[in-house]
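Trainee: build the 3D model from these lines:
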Amino acid sequence: PQKDQKTLISAFAQIAEEFPDWNLRIIGEGHLRPKLEQQIKDLRLSSRISLPGISKDIQSEYLKAQAFVLASTYESFGLATAEAMSTGLPVIGFADCEGTNKLINHNKTGILVDPQKGENRIEALAKELSSILSNPEKRYLFGKNGKEWIAEKFNSEKITTEWVEIIQSIDKSA
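Mentor: Below you'll find the model as predicted:
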């Protein structure tokens, strides 16, 4: 439930006619799959929204995509968002989602959806999806900035140095 794919599907449904050449793929598996399949069927979007399940080659999924959207209400770190950013994808997530909001720099590396007064999560996400899908320059810029930011923040040398410092601090305290 915390991944909130139901919201993503509903938001895509609101803009599907505006973007007839775009499709939605939700990678992964879970116990809510039958409900999501029914939602897609009820919205008559079975030809536009696919649930292919778990991918053994997630990197190729990112490389085939044009944008990455995570409708989660909570992420401890946001690994999928970081992976998507590392491949140069523009990313969209919710401003109130811990983990995601630590990775996305709003309007620089992606979009943090923040529903305005009177607006629900679905409407807010649909509006931001429309803004990113209709703007290839913005997708390119967010993807480029995100890839650079992830490479800088999480490069192996920096992470190794931080681990060594942690281990040394534990050793000194013992």
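Trainee: can we go C-alpha only for contacts and neighbour counts from here?
Mentor: Noted.
Trainee: what helix or strand is the nearest residue to residue 36 once chain neighbours are set aside located in?
Mentor: Leaving out its chain neighbours, the residue that sits closest to residue 36 by Cα to Cα, 6 or more residues apart in numbering is residue 6, at 6.5 Å. Residue 6 is part of helix 5-15, with elements assigned from DSSP states H and E.
Trainee: likewise for residue 149?
Mentor: When elements are assigned from DSSP H and E, residue 149 belongs to helix 136-153.
Trainee: packing partners for that helix?
Mentor: Packing partners of helix 136-153 (3 or more Cα pairs under 8 Å, 6 or more residues apart in numbering; DSSP states H and E): helix 79-86, strand 110-113, helix 121-133.
Trainee: one step back: now the angle from the helix holding residue 6 to helix 121-133?
Mentor: Orientation check (axes from the mean of the first three to the mean of the last three Cα atoms, to 10 degrees): helix 5-15 against helix 121-133 gives 60 degrees.
Trainee: neighbouring strands for the next helix or strand after helix 5-15, and are they parallel or not?
Mentor: Scanning forward in sequence from helix 5-15 by DSSP H and E, the next helix or strand is strand 24-27. Based on DSSP bridges, the pairing partners of strand 24-27 within the sheet are strand 49-53 (parallel).
Trainee: what's the strand it pairs with in contact with?
Mentor: Outside strand 49-53, the residues that touch it by Cα atoms under 8 Å, 6 or more residues apart in numbering are 9, 23, 24, 25, 26, 27, 28, 29, 37, 40.
Trainee: likewise for stretch 137-144?
Mentor: Counting by Cα under 8 Å, 6+ apart, stretch 137-144 makes contact with 66-67, 85, 87-91, 107-110, 132-133, all of which sit outside it.
Trainee: so where is the chain shaky, pLDDT-wise?
Mentor: Counting by pLDDT under 70, the ranges of the chain that qualify are 171, 173-174.
Trainee: one more time with 90, if that's ok
Mentor: When residues are selected by pLDDT under 90, those of the chain lie in 77-78, 99, 116-119, 153-174.
Trainee: can you check which of the helices and strands packed on helix 136-153 gets nearest to residue 1?
Mentor: If you check each of these against residue 1 by Cα to Cα, helix 121-133 wins as the nearest, at 14.5 Å.
Trainee: that concludes my questions; thank you for your assistance.
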